[in-house]
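my questions concern the predicted model and sequence given below.
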Amino acid sequence: MHNTTDNIMAVLMLINLALTASSRLNLCISLVSLQGVALGFLPLFSHNGLNLRTAFLAVVVVAMKGVVFPRLLMRAVRGANVRREVEPFVGYGASILVGILLLGISFWVGNRLPLPVSAVSSDLVVPGAIGAILTGLFLLTSRKTAVTQVMGYLVMENGIAAFGLAVVPEVPMLIELGILLDIFVGVFVMAIVIWHISREFDHMNADQLSALKG
Amino acid sequence: MNWEGILIYAIALAAAPLLVGVINRTKAYFAGRCGQPLLQTYHDLAKLLRKGAVYSGTTTWVFRAGPIISLGAALLALAFIPLGGIPALFSFNGDFILVAYLLGVMRFFTVAAALDTGSSFEGMGASREVQFAAMAEPSLILGVVAVARGTGELTLTNILGAVSSDLWLAQGTVLALVIMAWFAVFLAENSRIPVDDPNTHLELTMIHEVMVLDHGGPDFAFVSYGAALKMWILGAFVVGLLAPVRTGQILPDLAAGLAGMLTLAVAVGVVESTMARLRLVRVPHLLLAAGAFSILALLLVMR
């Protein structure tokens, strides 16, 4: 069982690195949804194993992150008629290096944090979660378009979900579903906002929003 | 010194050019052609060795020494390379660093000979070769370090010899990551397609081939044979992980190792047939990604 969790976390870290390197918007969306799906299977292999609650949670998470979010984002991209390329402030080569650096930091921090992680199913979960949060932050700040910022936000959320799974083994299902609903609304609203930004300004580069006069 | 080591050394010397033939036949199959004979590389080598060499008036002894020293370095490096579980001819603690540096010596003298011609094309190829090699080498070394840490061994023979199906069950993620990194290094160092096109004859886009344009006759035979040996050396790294058959008996191990080599050659042929060459500015990203795989593997082992 630990081995499966290890593999899922390794996949999560690989997707983090791939996200920093990939230039195609559609590929990025697919990668984020793949990460969400991989994460959705995580509760099934945690210490309390397969039961009705974890199975339900996994199904909901996979349906949300694997089907609904990518659909919404893809529709936003298509509707907003944007370029198919990510427009980074930081080049791809440098982004990969930053991704590696963040990975190193997350391992360093993850092994030193005094967390009550006795119930953790694998010691990769905390570094992986911190890595996803840091990568999400990096994607949020280093990419121009609004769609990629939503994706950075989703990656961060993936990290937080993994973290919650590691540290608090018995998060009530209601809270988890509530968080999921929040993200759903968030992505939904963002998709609409992206559409409006692009309709209003003929592009959706969020960096130019700062030039607006209040 | 052991007779198994001598055996696989001899097999490597004899079979290395065959890998090129297998790759070419795979590509021909995908393209719907008959393709050149499997043994074409041997015929080419024999033909080149019978010819005389022409040297330009601007070249010095560096140009003549380049192919010989490169081949010598490849021959020496090959002596430290095991094939799967079969031990290498020589081994000592940390020999993988020597192997990496011998490959570096090989590259250095190829580059020096290319620069010695004074041709601007060759200078361009040399610059690219060195740039990409500088990124590929850390991936190779970090991958070896990761596997060495996982197996607790320090010689190349023992490191690759300790990769068994048990290790795959225990640390499969690490090994898979290292294989991906090494495969990218294998493609880059042997100037195969995502990085360099061995068939192209446009000097502006070539990397390795453009550096050896001025070599002819026996010199070019040395260069080609050295390249084939290098392919065998780096292939042995990948196959060592990919074919974890360690029965302790020589025949099954040897069969698994050779089958692994052939599979690798076919895989390279498939990659070359199905992928386009990357733009030159994208190549460093591929190599950085390979480095990222190696570093992730290392982090997973060291935690």
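That came through, no problem.

who's in contact with whichever residue of the stretch 51-200 of chain B sits closest to chain A?
Residue nearest to chain A within the stretch 51-200 of chain B: residue B:173 (4.5 Å; C-beta to the nearest C-beta). From N, CA and C alone the C-beta is placed, and that goes for glycine too. Taking C-beta atoms under 8 Å, 6 or more residues apart in numbering or on different chains as the criterion, residue B:173 is in contact with A:6-7, A:10, B:297, B:300.

get me the contact residues on chain A for chain B.
Residues of chain A lying close to chain B (C-beta under 8 Å from any C-beta of the partner chain) are A:3, A:6-7, A:10, A:13-14, A:17-18, A:21, A:92-93, A:96-97, A:99-100, A:103-104, A:107, A:111, A:123-124, A:127.

please redo it, this time with the cut-off set to 10 Å
Within chain A, the positions adjacent to chain B are A:3, A:6-11, A:13-14, A:16-18, A:20-23, A:91-97, A:99-101, A:103-104, A:106-108, A:110-111, A:123-124, A:127, A:131 by C-beta under 10 Å from any C-beta of the partner chain.

how about the contacts made by the residue positioned nearest the centre of chain A?
What sits nearest the mean C-alpha location of chain A, by C-alpha atoms, centre = their mean, is residue A:155, with 1.4 Å. For residue A:155, the contact set (C-beta atoms under 10 Å, 6 or more residues apart in numbering or on different chains) comprises A:12, A:15-16, A:19, A:28, A:31-32, A:35-36, A:131-140.

next up, phi/psi of residue B:83, please.
When read as degrees, to the nearest 10, the backbone of residue B:83 gives phi -120, psi 100.

surely it touches residue B:242?
No. Using C-beta atoms under 10 Å, residue B:83 is not in contact with residue B:242, being 12.0 Å away.

can you pick out the residue with more neighbours from those two?
Using other C-beta atoms under 10 Å in any protein chain shown, the more surrounded residue of residue B:83 and residue B:242 is residue B:83, with 29 against 22.

beta partners for the more buried one?
Beta-bridge partners recorded for residue B:83 (DSSP bridges): residue B:86.

what's the distance between it and residue B:23?
Between residue B:83 and residue B:23 the computed distance is 19 Å (C-beta to C-beta, to the nearest Å).

please tell me how far the residue sitting nearest the centre point of chain B sits from residue B:12.
Nearest to the mean C-alpha position of chain B, by C-alpha atoms, centre = their mean, lies residue B:231 at 3.0 Å. Separation of residue B:231 from residue B:12 (C-beta to C-beta): 10 Å.

intersection of neighbour lists for these two?
Common contacts of residue B:231 and residue B:12 (C-beta under 10 Å, 6+ apart): residue B:261.

buried sites along the longest helix anywhere in chain A?
Longest helix in chain A by number of residues (criterion: DSSP state H): helix A:173-201. By 16 or more other C-beta atoms under 10 Å in any protein chain shown, the buried positions in helix A:173-201 come out as A:176, A:180, A:183, A:187, A:190-191, A:194-195, A:197-198.

contact partners for residue A:97?
Residues in contact with residue A:97, defined by C-beta under 10 Å, 6+ apart, are A:20, A:90-91, B:288, B:291-292.

could you list every helix and strand in contact with the worst-scoring helix or strand of chain B on mean pLDDT?
For chain B, counting by mean pLDDT, DSSP states H and E, helix B:208-211 ranks last in confidence among helices and strands (a mean of 86). Contact here means 3 or more C-beta pairs under 10 Å, 6 or more residues apart in numbering or on different chains; DSSP states H and E; on that basis helix B:208-211 packs against helix B:95-116, helix B:120-151, helix B:218-242.

and the angle from the helix or strand following the last one to helix B:218-242?
Scanning forward in sequence from helix B:218-242 by DSSP states H and E, the next helix or strand is helix B:250-274. Helix B:250-274 and helix B:218-242 meet at an angle of 110 degrees, taking axes from the mean of the first three to the mean of the last three C-alpha atoms, to 10 degrees as the criterion.

next, the angle from the following helix or strand past helix B:250-274 to helix B:120-151.
Using DSSP H and E, the helix or strand that follows helix B:250-274 towards the C-terminus is helix B:283-302. Put simply, helix B:283-302 runs at 10 degrees to helix B:120-151, going by the same axes, to 10 degrees.
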